[in-house]
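> return a 3D structure for these sequence lines:
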Amino acid sequence: MAKYSYVALDARGNETKGSIEAASQNEAIGRVKDMQLFPTKVAEAGAEKSSGKKDKATGKTAKPKAKGKKKGGAGNIEIKIPFLSGRVKPKVLTTFTRQLATLVDAGLPLLRGLRVLEKQERNVTLKNIIGDLAVSIEGGSTFSEALAQHPKVFNRLFVNMVKAGELGGVLEVVLKRLAEFSEKAQKIKGKVKAAMFYPVAVLIVAVGIMILLMCFVVPKFKDVFAGMGFTLPWFTRFVMGISDMIKNNILGTMGIVALFVIAFLLFIKTKFGLHLWDKFKLKMPVLGPVVSKVSISRFARTLGTLVSSGVPILQALIIVRETAGNVIVANAVNKIHESVKEGETITASLEGSGVFPPMVVSMVDVGEQTGALPEMLLRIADDYDEQVDNAVSAMTSLLEPIMIVFLAVIVGSIVIAMFLPLIQMITNMSGDGDGGGSKE
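Here you go, the predicted model:
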């Protein structure tokens, strides 16, 4: 029997190293799993030291180019290449999930399906990860265990749903649900982004016009007014003061703006700041209703998808809390989790949270009483997706005139400030002319 060294994770995620005697590598992997450990690397002790190549493992072991690993004389040196170890875009991951679901549903073995997708995948990061998944499965790991080794790409929602699908023998159904979930989430996110494009574009144009006027147009008027010999209106002096500050201290002005942005970003990274910011996003005018509806839709769809896939309710609530995207909603879900853990119904917990509207509470109540909670949650999600569409359309219709007025006020104020002295000069000249005519 050969001696194999292994690296494994326990139930808490702590790394454990050791050695074991077994007739083959697969037997060694099985014995490590029997110890209630999750093997991430199993290799024959003598072969690992003598050869520059790695033996096949079950965990994070991958092809050298996939992880950017370089072999040295004294040992193995792991070099992480940034563009190979980064995240995968949600759209790319959704396409992969949909394609894998189609292949598995067609009767293709999972391992063969992964190899097919690995060959055709153009995204370098995902291609290497698919290769890692195939290697892990060849080494004896389950698909969910292999996915769990890449938390930056496959979140807990993905891993737990796949695990439930494996246990229930409905992996292809779960993969389809994951693909549909991701597609709908991306659709809602895209609509919100599209709605925000117009006001952001108008804001950028307004800032650009203001800088152009302040740095080039207003100084020309200042030179003209310098020789007039009368006191300028206070509003004109105010605008000229801002112009001088921007023009003469452009680096300082940019520094102040940058410091303000950095301070804001650091503030919302604190627990207190993030709480205030997320609460403001839910209550803010115009955008608040959209953010609130998106949060409720995400909560309902995530929980409904998890429960319908066979994930236990308490575990599903933990995943929903982690993927809520808003700390206020996450805290509400955490309270729901604690209440359900103590034996209360989801309806009572929802009603006491103060985050979810009465309609959502009533529909969840009906779902619990009829035993159709997953279907009711998905129906809530579909309903709120439609409400998000309507809210985004209403928000866009409202923001367009607001931004136009905003741009008009910015440009109009500067123009008025520059013409006030001219109006005052014409008025004075007209008054002098009238006075001279009366004396004659």
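> and Lys279, how far from Val392?
According to CB to CB, to the nearest Å, Lys279 and Val392 sit 21 Å apart. In this view, the C-beta of every residue, glycine as well, is placed from N, C-alpha and C.
> the two: who's more crowded?
Residue environment comparison for Lys279 versus Val392 gives the larger neighbour count to Val392, 21 against 13, counting by other CB atoms under 10 Å.
> tell me the contacts of that one?
Val392 makes contact with 191-192, 194-195, 290, according to CB atoms under 8 Å, 6 or more residues apart in numbering.
> so for the host helix or strand of it, mean pLDDT?
Val392 is part of helix 373-439 when elements are defined by DSSP states H and E. Throughout helix 373-439, pLDDT has a mean value of 79.
> likewise stretch 341-357?
Along stretch 341-357, the predicted confidence averages to a pLDDT of 82.
> ok, stretch 291-299 next?
Mean pLDDT, stretch 291-299: 88.
> same thing with stretch 234-242?
Rounded mean pLDDT across stretch 234-242 is 86.
> the strands in the chain, which residues?
2-9, 15-22, 38-44, 69-71, 76-78 (DSSP state E).
> so which of the contacts of Val392 is the most crowded?
Within the contacts of Val392, neighbour counts (other CB under 10 Å) peak at Val290, which reaches 23 neighbours.
> that one: what's it in contact with?
For Val290, the residues meeting the contact criterion (CB under 8 Å, 6+ apart) are 192, 195, 388, 391-392, 395.
> rerun at 7 Å
With contacts defined as CB atoms under 7 Å, 6 or more residues apart in numbering, Val290 is in contact with 192, 388, 391-392, 395.
> measure it to Met376 for me?
Distance of Val290 to Met376, given as CB to CB: 23 Å.
> now Ser182
As judged by CB to CB, Ser182 and Met376 stand 22 Å apart.
> how near is the nearest residue to Thr396 once chain neighbours are set aside to Gly354?
Counting by CB to CB, 6 or more residues apart in numbering, Ala195 is the residue found nearest to Thr396 once chain neighbours are left out, at 5.0 Å. When distances are taken as CB to CB, Ala195 and Gly354 turn out to be 27 Å apart.
> got a list of what the spatially closest residue to Phe235 that is not a sequence neighbour touches?
If you skip the residues right next to it in sequence, Phe235 has Ala417 as its closest partner in space, 5.2 Å away by CB to CB, 6+ apart. Contacts for Ala417 (CB under 7 Å, 6+ apart) come out as 235-236, 239.
> filter these down to the buried ones.
Among those, the ones that count as buried by 16 or more other CB atoms under 10 Å are 236, 239.
> can you tell me which of the contacts of Ala417 lies nearest to Asn123?
Within these, the smallest distance to Asn123 is 51.5 Å, found for Val239 (CB to CB).
> now for that closest one: which residues touch it?
Contact criterion CB under 7 Å, 6+ apart gives 218, 414, 417 as the residues in contact with Val239.
> number of nearby residues for the first one?
Read that as Val218. By the criterion of other CB under 10 Å, Val218 has 21 neighbours.
> distance of the residue nearest to Thr396 relative to Lys187?
Using CB to CB, one gets 13 Å for the distance from Ala195 to Lys187.
> picking up where we left off before, dump the contacts of Val239 to CSV, plus distance to Asp34.
Conversion of the contacts of Val239 to CSV gives the following (distance: CB to CB, whole Å):
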residue, distance to Asp34
Val218, 79
Ile414, 77
Ala417, 81
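> and these, which is closest to Val116?
The shortest gap between Val116 and any of those belongs to Ile414, at 62.1 Å (CB to CB).
> thank you, goodbye.
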